[in-house]
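Peer 1: generate coordinates for the sequence data below:
(chains A and B, ligands or ions: 2)
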Amino acid sequence: MTEQPYIEFRKVSKVFGSLTVVDHLDLTINKGEFVSLLGPSGSGKTTLLMMLAGFEDPTAGDILLGGSVLNRTPPYKRNMGVVFQNYALFPHLSVAENIAFPLKRRGVAKAEIAERVNRVLEMVQLPDQSEKLPSQLSGGQQQRVALARTLVFEPNVVLMDEPLGALDKNLREQMQYDIRRLHRDLGLTIVFVTHDQSEALTMSDRIAVFNHGKIEQIGTPQDIYDRPNTHFVAEFIGETNLIPVKYREGDHSRCSVTTKTGKDLEVTSPVTLFRGTEVLLSLRPEHIELGDSAEGLENAMPARISDVVYQGDHLRADIEVDGTKLVARLGRHLPPHDPGDEVFIGFRPQNARVILP
Amino acid sequence: MTARLGPHLKASALVLPLVLFLALFFVWPIIAMLKQSVSDPVVHNTLSQTSAIAAQWNGKAPVPAALQDALVADIRATTDRQEMGAVVRRLNSAKSGFRTLMRKTRRAIRKTDGPINLGEVDKRWNEVAWWHTIAQASSPYTDRYLLAALDYGRDKHNQIVALPEDASANRTILARTFVISLSVMLSCLAIGLPFAMVIASTSGWLRNVLLAAVLLPLWTSLLVRTTAWFIILQNNGLINSALQALGITDQPIPLIFERTGVIIAMTHVLLPFMVLPIYSVLLSMPGNLMQAASSLGAHPIVAFLKVMLPLSARGIASGSLLVFMSSIGYYITPALIGGPSDQMISSVIAFYATESANWGMAGALGLVLLSITLLLYVVYGRLSAEKKGVA
Ligand SMILES: Nc1ncnc2c1ncn2[C@@H]1O[C@H](COP(=O)(O)OP(=O)(O)OP(=O)(O)O)[C@@H](O)[C@H]1O
Ligand SMILES: [Mg+2]
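Peer 2: Numbering: from 1, shown residues only, chains lettered A, B, ... in the order given. Ligands and ions are numbered 1, 2, ... in the order given. Presented below is the predicted three-dimensional model:
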């Protein structure tokens, strides 16, 4: 990458007592990028964000912003906007006063404050609410106020810690859309913590998948979803079938593996391995194709349907292949199958990926 | 209807013991005390005919003959020496000289059964002033205790005037009570506010330890704590020996029988009442408001002034009021640890109640104390109601 990174974590660790929460972590974020930190509960996402905001000091390593080390800069001098999950609005101040708070701290003139507050309220689509107290607003409105309060002082970076966690589904999707729009229109750099994978997949430029204080994989949503590198990422993002196989031959893109029953399959692999290495094959349910015969199917295998469930826009089938249970996501236009039907399944080599166990 | 009434009745029956208890041991004593402070039945009951006629007298000379005859009749009818003694004491306390006058008059009345010209028994009976005193004392109710509680009295024209400086010191003592209470309140606030913030910002066992440190004094008897301070504050007590050992002073600092000692001990005793309300208000606040303020560019001091302080205002107000109201009624701690010039209004009340058996004065001072407390409470109610209106 030619761009000079805007935010940089260099071998950052955070230890609480005997618990290593962030472990020698390297991460770079470019200006204007939307990066999501995705991972299970307790994997250290919040802690990383808090270190970036300055509320926690790294036990080791450096955090850089625009090339200079931030470690000793107190939070109120970092010019980073933080949107908290509970909004953290000041309950004794009106909406307008809440939003004016960061401007007052920066000594902005009164007239300009009023103007900027109004402008940002328009931006988050909350005009006419400026005199209300936070407690008089709905959850979604409070979320918008929190966002407005962060955007109004044009921070270097916007940090969001599960900002949509407390909202119901519709409101959540609306806010996801609004945040995307603001990110695009204002050219914001956003670090977004979530443990909702679909949220991360729809919103981010890049996703960093966290596990035990380390980044398992970082990449675009397509990278992460289509080309998971580890067992953890493959299982954590979306749904996948993991089939134990042995590596046979090939280079790091196209190769072949052997199943337990000795059948050879054409698949892809991120790395080249020794023949006979035990690996897992990750196969997404929607990549499994179904046929009455082996004809027209790549990697065709005989299978038996054990259950079919109607899911509205698709059918979900439990399939048994050589004693291995697989889940397939099938188009609803397919001819109906009943439990017990003998069929063939297949998949394209580029859709099946070798993963180290 | 019965179905709706039934649970109500049951609920009322459940609180009945409490209501009875409060009525018997809280409301009734207060009413009795209030009655004591305004009642003056001695003359009214014993000199009943005199009282009846005095109530109609316009107070102008000459003294009506009927009034004189009534007094003679009343004195003749009163055979109980103690009853008469109480009347004499009451009259003498209003106007000195009554003791001798009454003794002389009673002797004269005992000598004969016929009519008596009081002016001949003693020339003073010709002066209207003595009759005025009787007339004033003959009402069953009086405001003299209440006036005296605030260092006022009535002059011979029945006008309210300030008492001479040497006659009473209640206002001085009330003022002192306020000064001490205010000092205790402020020092509780100075210690309690940061402490409450520290407790609210901790968690787990540390919070429990800190809370216990506040609550422990509440679980110990007031007398025990005061006695402990009595020992600690001695000239050769813990504090002074420590200060001398550290070389901070070479003379013991006078703490015991001094205002400083009283304030220290009372602050310690009342601290929980400041810490707990503030702590509970802080607990109800989201924990990351200070972080939010900081991320928005507020220096910690600014964040404290603009966010923490306004949000804990209600806790501070109720804590301060609790401490202040408790301390204006304090008795044991100033009595044990303070000197003569540190006694508060309660010790004056105790003096009237237990040592001079002047229930009227004790009641009147109690009423003053009660009114001040109620007034403060109303002010507080107003303030917090306004706060709520905004929030
Ligand atoms: N101040 C602290 N003291 C001790 N342990 C802490 C502290 N803060 C966080 N931890 C621990 O660090 C681990 C990671 O916490 P963190 O909040 O970063 O997780 P997270 O990835 O944000 O999880 P979640 O999705 O549940 O928010 C947890 O096990 C947590 O208990
Ligand atoms: Mg978290």
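
Peer 1: list the buried residues of the host helix or strand of B:Val179.
Peer 2: Assessed by DSSP states H and E, B:Val179 sits inside helix B:170-201. Residues of helix B:170-201 classed as buried: B:170, B:173-174, B:176-178, B:180-181, B:183-185, B:187-189, B:192-193, B:195-197, B:199-200 (neighbour count, 16 or more other Cβ atoms under 10 Å in any protein chain shown). Just so you know, the C-beta spots here come from the backbone N, C-alpha and C atoms, and that holds for glycine as well.

Peer 1: measure B:Ser12 to B:Leu18 for me?
Peer 2: 11 Å (Cβ to Cβ, to the nearest Å).

Peer 1: any idea of the angle the helix or strand containing B:Leu365 forms with helix B:170-201?
Peer 2: Element membership of B:Leu365 [criterion: DSSP H and E] is helix B:359-390. Computed by axes from the mean of the first three to the mean of the last three Cα atoms, to 10 degrees, the angle separating helix B:359-390 from helix B:170-201 equals 40 degrees.

Peer 1: and helix B:359-390, what does it pack onto?
Peer 2: helix B:28-38, helix B:144-149, helix B:309-328, helix B:345-350 (3 or more Cβ pairs under 8 Å, 6 or more residues apart in numbering or on different chains; DSSP states H and E).

Peer 1: other residues contacting the next helix-or-strand element following the first one?
Peer 2: Counting by DSSP H and E, the element after helix B:28-38 in chain order, helix or strand, is helix B:41-46. Where contact means Cβ atoms under 8 Å, 6 or more residues apart in numbering or on different chains, the residues beyond helix B:41-46 that reach it are B:50-51, B:74, B:78, B:83-84, B:86-87, B:90-91, B:134, B:137-140.

Peer 1: for helix B:41-46, buried residues please.
Peer 2: B:42-44, B:46.

Peer 1: how about stretch B:239-257?
Peer 2: B:239-240, B:243, B:252, B:255-257.

Peer 1: same check on stretch B:100-118?
Peer 2: B:101-102, B:105-106, B:108-109, B:116, B:118.

Peer 1: below-threshold pLDDT in the chain: ranges please.
Peer 2: In the absence of a named chain, this looks at chain A. A:1-3, A:252 (pLDDT under 70).

Peer 1: actually chain B
Peer 2: B:1-5, B:167-168, B:385-391.

Peer 1: include distance to A:Lys260 when you put the helices and strands packed on helix B:359-390 into a markdown table, please.
Peer 2: Shown next, in a markdown table, are these (distance: least, Cβ to Cβ, whole Å):
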| stretch | distance to A:Lys260 |
| --- | --- |
| helix B:28-38 | 90 |
| helix B:144-149 | 100 |
| helix B:309-328 | 64 |
| helix B:345-350 | 91 |
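
Peer 1: quick one: closest of those helices to chain A.
Peer 2: Among the helices and strands packed on helix B:359-390, the nearest to chain A by Cβ to the nearest Cβ is helix B:309-328 (5.1 Å).

Peer 1: what's the angle between the closest one and helix B:170-201?
Peer 2: Interaxial angle, helix B:309-328 versus helix B:170-201 (the same axes, to 10 degrees): 140 degrees.

Peer 1: following helix B:309-328, which helix or strand shows up next?
Peer 2: Going down the chain from helix B:309-328, the next helix or strand is helix B:332-337, by DSSP H and E.

Peer 1: check which helices and strands that following helix is in contact with.
Peer 2: helix B:222-232, helix B:259-283, helix B:345-350.

Peer 1: ok, now with 7 Å
Peer 2: Packed against helix B:332-337 by the contact rule (3 or more Cβ pairs under 7 Å, 6 or more residues apart in numbering or on different chains; DSSP states H and E) you find helix B:222-232, helix B:259-283.

Peer 1: domains for the chain, by residue range?
Peer 2: By default, I'm working from chain A. Domain assignment for chain A, taken from automatic domain parsing, gives A:7-232, A:240-355.

Peer 1: the chain in question should be chain B.
Peer 2: If you go by automatic domain parsing, chain B breaks into B:42-141, B:170-390.

Peer 1: tell me which of those domains is the most buried.
Peer 2: domain B:170-390 (a mean of 18; mean count of other Cβ atoms under 10 Å in any protein chain shown).

Peer 1: most widely separated two among the buried residues of stretch B:239-257?
Peer 2: B:Leu243 and B:Phe257 (17.6 Å; Cβ to Cβ).

Peer 1: one step back: and the domains of chain A: which comes nearest B:Asn235?
Peer 2: Short answer: domain A:7-232, nearest of these by Cβ to Cβ, at 47.6 Å.

Peer 1: just the endpoints, please. Distance across stretch A:22-42?
Peer 2: Length of stretch A:22-42, first residue to last, Cα to Cα, to the nearest Å: 10 Å.

Peer 1: show me the contacts of helix B:41-46 that map onto helices.
Peer 2: B:50-51, B:74, B:83-84, B:86-87, B:90-91, B:134, B:137 (DSSP state H).

Peer 1: Throw those into TSV and include distance to B:Gln36, thanks.
Peer 2: Output for these, formatted as TSV (distance: Cβ to Cβ, whole Å):
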residue	distance to B:Gln36
B:Thr50	23
B:Ser51	20
B:Asp74	24
B:Glu83	19
B:Met84	22
B:Ala86	15
B:Val87	18
B:Arg90	14
B:Leu91	19
B:Ile134	22
B:Ala137	16
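
Peer 1: keep those, but drop any that are not near ligand 1.
Peer 2: Among the ones in helices among the contacts of helix B:41-46, no residue lies close to ligand 1 (Cβ under 6 Å from any ligand atom).

Peer 1: of the buried residues of stretch B:100-118, which belong to helices?
Peer 2: Using DSSP H, the buried residues of stretch B:100-118 in helices are B:101-102, B:105-106, B:108-109, B:118.

Peer 1: of the residues you listed, which pair is most distant in space?
Peer 2: By the measure Cβ to Cβ, B:Leu101 and B:Ile109 form the most distant pair in those, at 12.4 Å.

Peer 1: check contacts around B:Asn235.
Peer 2: B:252, B:256 (Cβ atoms under 7 Å, 6 or more residues apart in numbering or on different chains).
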